[in-house]
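*Asks:* Model the structure of this input:
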Amino acid sequence: MSELMSVIERVPAEGASARPPDKIETNVDCAGQTVVAANEAIPSAEELKDSIIEILESQGYIIKSGLIELPDGLTKDDYRRMNQLAVAKKLAAAEPKLQRCEHKLINYIANGHEVFPDKVSPKLVLVQGGSEEELLFRYASLHWSIPVSSGYGRRLRFLVFDENNGKLIGLFGLGDPVFSLKNRDEWIGWNKEAKQSRMYHLMDAFVLGAVPPYSSLICGKLIALLALSSEVQDAFRSKYSGQFSLIRKEKREPILAMLTTTSALGKSSVYNRIRLNGVDYWKSVGFTQGSGEFHFSNGVYSKMRSYVEANCEPTAKHNNWGTGFRNRREVIRKCLSSLELSSSLIYHGIRREIYAAPLGNKALEFLRGGTTDPDLHTWPADHLAGLFKERWLIPRAERCRNYLDFTNDDYVLWPDSPTLEEEGR
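*Replies:* Residues are numbered from 1 along each chain as shown. The predicted model follows:
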């Protein structure tokens, strides 16, 4: 434990920036992402154009007349491959800080023979900055098949452990939702005024899922249920009680009325059919338009950022948001426009299913501004875990025994990493 804590002291909190190397300037965008930009050569317009087209084509995109086209008949495995460059970039950025303690963190990942389905006892743990749990959260997030965001604005992160063996079952992170999401907004019934005043009461799961071998026991559904628990609402209330909003300077009652999320790769099997005792916990409300920036997050974004900082002006925004560009998407849009490339290149075409989970009987009415009381559900974590265990876990374990074959050696990211002792600390 003391060895791992010594590493924690040297690893910056997620969203914070480490001390940059000499002669390199850094910027932190509004998503909390550190962007290394300056003192490396600013690319010319033609060089950057070529780099953008090359990186898109290397991921499998077809570029015709300045627009992205996806090949026909793509599967989820194809979508995963299209994310490989962005995932590899995220992994490379994390390696200097996390690989040195992997041999400790891997002990939280169960071997198959250490999991006893009838004795699984989930426990929610709120992740605190600078803690061992934060390192584990960051380490586990690196195993997702798409690059995991650090979350935006407000943020709550949770780990779920199996108290029976002390191993990690899964995790989820909640952050501020994107402001404009057409199908979500129409489903809620938001007008502009209601959305501006009530979006505070909604959070988005930017990562959610189980780790192996629990993932083989479809424990992703367990994590999706626990994210809706009363304990999460209590954590939200505790963290944001008495705080003023950044722009409006208003103090709002910290009521969490709804969660949303988008599937990683098209339709999702995790959130589908989570119906127990007549309650639909998560509802499909449509699909995204297939836009984003992950397809630029693989080496070309830093060049785009350098070019934009040298050649473009940020869009005006409220002074309390600070100076500089709003976010990565603004940087990309400004860059594409300056290079006379189509802004449609931001549409990668991978449409993700949108799910919503109202947390009260009157949650929708509350979000529309029609009531001050969402009539929140009382869903204790142990109750939800019990429902999951009876409906899915035990039957799955009886039918599928492949979880027993898993060893945590299969989870290692850097098999040749030196231990702290070998580094001499």
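
*Asks:* What residues sit buried inside stretch 213-227?
*Replies:* By neighbour count with 16 or more other CB atoms under 10 Å, stretch 213-227 contains the buried residues 213-227. C-betas here are computed from N, CA, C, even on glycine.

*Asks:* Quick check: Glu57 touching Ile63?
*Replies:* Yes. In this structure, Glu57 is within contact of Ile63 by CB atoms under 8 Å, at 6.3 Å.

*Asks:* More neighbours: which of the two?
*Replies:* More neighbours surround Ile63 than the other of Glu57 and Ile63, with 16 against 11 (other CB atoms under 10 Å).

*Asks:* Does whatever helix or strand the more buried one lives in pack against any helices or strands, and if so which?
*Replies:* Assigned by DSSP states H and E, Ile63 belongs to strand 62-64. The contact analysis (3 or more CB pairs under 8 Å, 6 or more residues apart in numbering; DSSP states H and E) places strand 62-64 against helix 45-58, strand 67-69.

*Asks:* Report pLDDT for the residue nearest to Leu367 when sequence neighbours are not counted.
*Replies:* Spatially, and ignoring its direct neighbours in sequence, Leu367 is nearest to Arg198 (4.8 Å; CB to CB, 6 or more residues apart in numbering). As predicted, Arg198 sits at a pLDDT of 94.

*Asks:* likewise Ser149?
*Replies:* 72.

*Asks:* those helices in the stretch 51-200 of the chain, which residues are they?
*Replies:* Assigned by DSSP state H, counting those that start in this stretch, the stretch 51-200 of the chain shows helices spanning 76-82, 84-98, 102-105, 132-141, 182-188, 192-198.

*Asks:* Which elements pack onto the second one?
*Replies:* Yep, that's helix 84-98 we're talking about. So helix 84-98, by 3+ CB pairs under 8 Å, 6+ apart, packs with helix 132-141.

*Asks:* quick one, the helix it packs on and helix 84-98 angle?
*Replies:* Put simply, helix 132-141 runs at 150 degrees to helix 84-98, going by axes from the mean of the first three to the mean of the last three CA atoms, to 10 degrees.

*Asks:* buried ones in helix 132-141?
*Replies:* Glu132, Glu133, Glu134, Leu135, Leu136, Phe137, Arg138, Tyr139, Ala140, Ser141.

*Asks:* returning to that earlier point: which of the helices of the stretch 51-200 of the chain is buried the deepest?
*Replies:* helix 132-141 (a mean of 21; mean count of other CB atoms under 10 Å).

*Asks:* what's the model's confidence in it, averaged?
*Replies:* Taken as a whole, helix 132-141 carries a mean pLDDT of 96.

*Asks:* same deal with stretch 60-77?
*Replies:* The average pLDDT within stretch 60-77 is 70.

*Asks:* Ends of stretch 312-329, what's the gap?
*Replies:* Start-to-end span of stretch 312-329 (CA to CA, to the nearest Å) is 14 Å.

*Asks:* those helices in the stretch 251-400 of the chain, which residues are they?
*Replies:* 301-311, 328-338, 363-367, 381-388, 394-399.

*Asks:* pLDDT-wise, which helix or strand of this protein ranks last?
*Replies:* strand 26-28 (a mean of 37; mean pLDDT, DSSP states H and E).

*Asks:* show me the contacts for Lys221.
*Replies:* For Lys221, the contacting residues are Val270, Ile274, Phe388, Trp392, by CB atoms under 8 Å, 6 or more residues apart in numbering.

*Asks:* right, and the last one touches Ala224 too?
*Replies:* No. Counting by CB under 8 Å, Trp392 sits too far from Ala224 to count as a contact (11.1 Å).

*Asks:* How about the contacts made by the residue nearest to Leu367?
*Replies:* Residues in contact with Arg198 (CB under 8 Å, 6+ apart) are Trp190, Ala257, Phe366, Leu367, Arg368, Gly369.

*Asks:* gap between it and Ser268?
*Replies:* According to CB to CB, to the nearest Å, Arg198 stands 26 Å off from Ser268.

*Asks:* And Gln196, by the same measure?
*Replies:* Between Gln196 and Ser268 the computed distance is 29 Å (CB to CB).

*Asks:* again, but for Ile274
*Replies:* Counting by CB to CB, the gap between Ile274 and Ser268 amounts to 11 Å.

*Asks:* related to what we said a few turns ago, direction included, what does the strand holding Ile63 pair up with?
*Replies:* With DSSP bridges as the test, strand 62-64 is paired with strand 67-69 (antiparallel).

*Asks:* what number of residues lie near the spatially closest residue to His113 that is not a sequence neighbour?
*Replies:* Closest residue to His113 apart from its sequence neighbours, by CB to CB, 6+ apart: Leu404 at 6.1 Å. As a burial measure, Leu404 scores 14 neighbours (other CB under 10 Å).

*Asks:* how about Leu404, secondary structure?
*Replies:* Three-state call for Leu404 (DSSP: H, G, I helix; E, B strand; the rest coil): helix.

*Asks:* which residues in the stretch 151-300 of the chain form strands?
*Replies:* Along the stretch 151-300 of the chain, counting by DSSP state E, counting those that start in this stretch, strands occupy 155-162, 167-175, 202-210, 258-262, 275-276, 279-280, 283-287.

*Asks:* Can you name every helix or strand that the fourth one contacts?
*Replies:* Using 3+ CB pairs under 8 Å, 6+ apart as the contact definition, the elements that strand 258-262 packs against are strand 202-210, strand 353-358, helix 363-367.

*Asks:* I'd like the ones you listed as TSV, with mean neighbour count, mean pLDDT and distance to Gly153 appended.
*Replies:* Output for these, formatted as TSV (neighbours: other CB atoms under 10 Å; pLDDT from 0 to 100; distance: least, CB to CB, whole Å):
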stretch	mean neighbour count	mean pLDDT	distance to Gly153
strand 202-210	23	95	9
strand 353-358	22	95	19
helix 363-367	22	97	18
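
*Asks:* want to try CSV for these, with distance to Glu253 as columns?
*Replies:* Below are the helices and strands packed on strand 258-262 laid out as CSV (distance: least, CB to CB, whole Å):
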stretch, distance to Glu253
strand 202-210, 14
strand 353-358, 17
helix 363-367, 11
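
*Asks:* so which of these comes closest to Ser306?
*Replies:* Evaluated with CB to CB, the helices and strands packed on strand 258-262 place strand 202-210 nearest to Ser306, the distance being 26.7 Å.
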